[in-house]
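Trainee: Mind folding the following:
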Amino acid sequence: MSAVPPPRNDTGAPEGPETPEASEAPAGRGGRRSVAAALLLGALGATVVLLGSGRVWARGTAAVGGGALPVTADGQAVTGLPAALAIVGLAALVAVFAVRGTGRLLVSALLALSGLGAAVSAVLAADDRQALDAQAARATADTAAQVGALAHTAWPYVTAAGGVLILAAGLLALRHGRTWPAMGGRYERDGGARSRRPAPADPDRPEDLWKALDRGEDPTR
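Mentor: Down below sits the predicted model:
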């Protein structure tokens, strides 16, 4: 019986089994893209939250001696929760690369929850007036004073958008984090630790001989 010729591709060359390098290359590129996207989203989201929390969220007027005194309240005065959660999210974003396995899963979940909490707390506080009433009470020395001509800005929603970015970074870490590298770890493609063997000592280089002796090796071999 004559041997069956191997199948050929469009170029006429015999088709062979896919090499590990070819199959793993797309996965490696995808892992690098997800790492870069998570870092960008997390850092950008935390920056937006911290920036938005420092802006004016509400303004109004307080009645003083027959006149009106303008008062304002920034995000930190309204609620400090989004900024605090943004800092937690930044710490979790760094910690994702310092742990592996279940620890990475938990830290990724913390990152996602930090973003979700920052977004929800900013939206819930967008219509808050207690901070302005407190400002009016301090400005008029009247604990019963209330602010008038109340107006809110768009900064609470900008802050919430930053929280959504942090949430997206956490979701990426939950989805792809198991393929990301760890800090200080050198790994092969199969996940095993890379072993490094010292170069053999050169008998013509005295420093190599001394290094071999320090390692407990026989430089004469």
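
Trainee: In the chain, where is pLDDT below threshold?
Mentor: Applying pLDDT under 70 to the chain flags the ranges 1-31, 65-66, 139, 141-145, 183-221.

Trainee: make it 80
Mentor: In the predicted model of the chain, residues 1-32, 61-69, 131-150, 181-221 satisfy pLDDT under 80.

Trainee: hey, where'd the strands end up in it?
Mentor: 56-64, 67-74, 148-152 (DSSP state E).

Trainee: Reformat those strands as a markdown table; add mean neighbour count and distance to Leu50.
Mentor: Every C-beta, even on glycine, is put in place using the N, C-alpha and C of the backbone. Listed next are the strands of the chain as a markdown table, based on neighbours: other CB atoms under 10 Å; distance: least, CB to CB, whole Å:
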| stretch | mean neighbour count | distance to Leu50 |
| --- | --- | --- |
| strand 56-64 | 20 | 14 |
| strand 67-74 | 16 | 12 |
| strand 148-152 | 14 | 20 |
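
Trainee: Let me know which of the ones you listed is the nearest to Leu165.
Mentor: Evaluated over the strands of the chain, closeness to Leu165 peaks at strand 56-64, with 19.1 Å, by CB to CB.

Trainee: In its sheet, which strands sit next to that closest one, and in what direction?
Mentor: strand 67-74 (antiparallel), strand 148-152 (antiparallel) (DSSP bridges).

Trainee: do you know which of those strands lies nearest Leu132?
Mentor: So among those, strand 67-74 is nearest, using CB to CB, at 5.0 Å.

Trainee: Please save the CA atoms from the closest one in CSV.
Mentor: Output of strand 67-74 as CSV, limited to C-alpha atoms (Å, rounded to 0.1, in the frame of the first residue of the first chain):
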residue,chain,number,x,y,z
GLY,A,67,-28.3,89.5,52.9
ALA,A,68,-27.2,86.2,51.3
LEU,A,69,-23.8,84.6,51.8
PRO,A,70,-22.8,82.1,49.2
VAL,A,71,-21.7,78.7,50.6
THR,A,72,-20.3,75.6,48.9
ALA,A,73,-19.5,72.0,49.7
ASP,A,74,-17.0,69.8,48.0
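
Trainee: who's in contact with it?
Mentor: Contact partners of strand 67-74, identified using CB atoms under 8 Å, 6 or more residues apart in numbering, comprise 53-63, 131-132, 134-136, 139-140, 147-149.

Trainee: Stretch 46-55 now?
Mentor: Residues contacting stretch 46-55 (CB under 8 Å, 6+ apart): 74-76, 80, 82-83, 85-87, 89-90, 93, 118, 122, 153, 155-156, 158-159, 161-163, 165-166.
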